[in-house]
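Visitor: requesting a structural model of the entry that follows:
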Amino acid sequence: MTWSSQEVRLAQRPAGRPDDSTWEIATTEVPDPGPGELVVRLELISLDPAMRGWLNDVRSYIPPVGIGEVMRAFAGGTVVASQHEDFAVGDTVTGTFGVREHALSDGRGVTKVDLDVAPLATWLGALGMPGMTAYFGLEDVGRAQPGETVLVSAAAGAVGSVVAQLALAKGCRVIGVAGGPDKVAWLRELGLHEVIDRRDGDLLRQVRRAAPDGVDVYFDNVGGELLDAALANLARGARIAICGAISTYNEERLPEGPRRYMSLLVFRATMQGFLVMDYLDRYPEGVAAISELIREGRLVATETTLDGGVAGFPQALLGLFDGVNTGKLLLAV
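Guide: Numbers count the residues shown, from 1 in each chain. Prediction:
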């Protein structure tokens, strides 16, 4: 048996914001699995800011997507055929399957998930890579302690919303930054102590007003002006966890670096980048901790799912940079 599968391929590397010329939408046939293989019918595709970086032909932590290759993406779905001893027809799985309708896999990097614990969307969000990024970034890099002030950028996003709630659960004073009144209101409903609307401008002053005694931990998802505002308002011994810099990803020229980095010296602070893939062997720890908080009602896993199928991917990806999501952004296949 074969499966007809629509897929999105990289047609050319974008300069700045991706557009229709960046992509080619094609249809291919996925064959029956051979020994040690399985076929997955994808249901949800994860939309992540890192995808923009994967389009650039530059030295990075992972090779770029090649011209003509299927766009790299984490996704989840159901096994529809299998000759792999670890996976049976009907299993729900996640993995880096790409932007396509059906995927043939040898099982490497594929994980079975338990829908009795959480729906598939949550396994791609709070219990997936975004949640693990939040957990290990806050625990291992930020080393947040009860009573400390934690500033979280993109706090209504997939990673930031989990960071904020993990920090609340630890007994921290949490300040979130988001864009627009709806997201600000949602974060206040989650119980954050202060919420800054970045659209109001003058971020340095807003952060100083929200954290008069300084910021102990800054979890950075956006870079740019907000990183400078955090650097200007550090407490002694502060830790900055560099997760991403979405505000700069579509810039055609490299943005200027942080202007206030000497605050690291003045306040004896540290700034460290990290990648969630460095913690793969500890995923069960993060999943257990976040699952417990979800069961206790102390962490709300939130997803925004867009319709449109595989052909809707180009527009859906842009939604990340336009801030259309609250929580994790997904595309329904």
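Visitor: what is the neighbour count of Met277?
Guide: Neighbours of Met277 under the rule other Cβ atoms under 10 Å: 11. Placement of C-beta: from N, CA and C, glycine included.
Visitor: now it, nearest residue through space, not along the chain?
Guide: Leaving aside its sequence neighbours, Met277 sits nearest to Tyr61 (Cβ to Cβ, 6 or more residues apart in numbering; 7.6 Å).
Visitor: so Val39 bridges to which residues?
Guide: Ala81, Leu104 (DSSP bridges).
Visitor: test my guess that it contacts Asp106.
Guide: No - checked against Cβ atoms under 8 Å, the pair Val39 and Asp106 is beyond contact range at 11.3 Å.
Visitor: more neighbours, those two?
Guide: Neighbour totals were compared for Val39 and Asp106, and Val39 leads with 26 against 13 (other Cβ under 10 Å).
Visitor: so who does that one touch?
Guide: 3, 30, 32-33, 79-82, 102-105 (Cβ atoms under 8 Å, 6 or more residues apart in numbering).
Visitor: now swap in Gly66 and tell me
Guide: Leu10.
Visitor: 10 Å - rerun?
Guide: 9-10, 57, 72 (Cβ atoms under 10 Å, 6 or more residues apart in numbering).
Visitor: from the residues you listed, which two are the most distant?
Guide: Arg9 and Asp57 (15.6 Å; Cβ to Cβ).
Visitor: among these two, which residue is more densely surrounded?
Guide: Arg9 (19 against 11).
Visitor: who does that one bridge with?
Guide: Using DSSP bridges, the bridge partners assigned to Arg9 are Glu24, Val70.
Visitor: ok now do it, which residues does it touch?
Guide: 23-26, 28, 65-71, 98-100.
Visitor: by neighbours, which of those residues wins?
Guide: Within the contacts of Arg9, Val99 tops the neighbour count with 29 neighbours, counted by other Cβ under 10 Å.
Visitor: if I look at Gly137, how far off is Thr28?
Guide: Here Gly137 is placed at a distance of 37 Å from Thr28 (Cβ to Cβ, to the nearest Å).
Visitor: ditto for Arg198
Guide: For Arg198, the distance to Thr28 - Cβ to Cβ - is 42 Å.
Visitor: burial count for Glu225?
Guide: Residues near Glu225, counting by other Cβ under 10 Å, number 15.
Visitor: quick check: which element contains it?
Guide: Secondary structure assignment for Glu225, by DSSP states H and E: helix 224-231.
Visitor: quick one: list the elements packing against that helix.
Guide: With contacts defined as 3 or more Cβ pairs under 10 Å, 6 or more residues apart in numbering; DSSP states H and E, helix 224-231 has these neighbours: strand 149-152, strand 173-178, helix 203-210, strand 215-220, strand 234-242, helix 263-266, strand 270-273.
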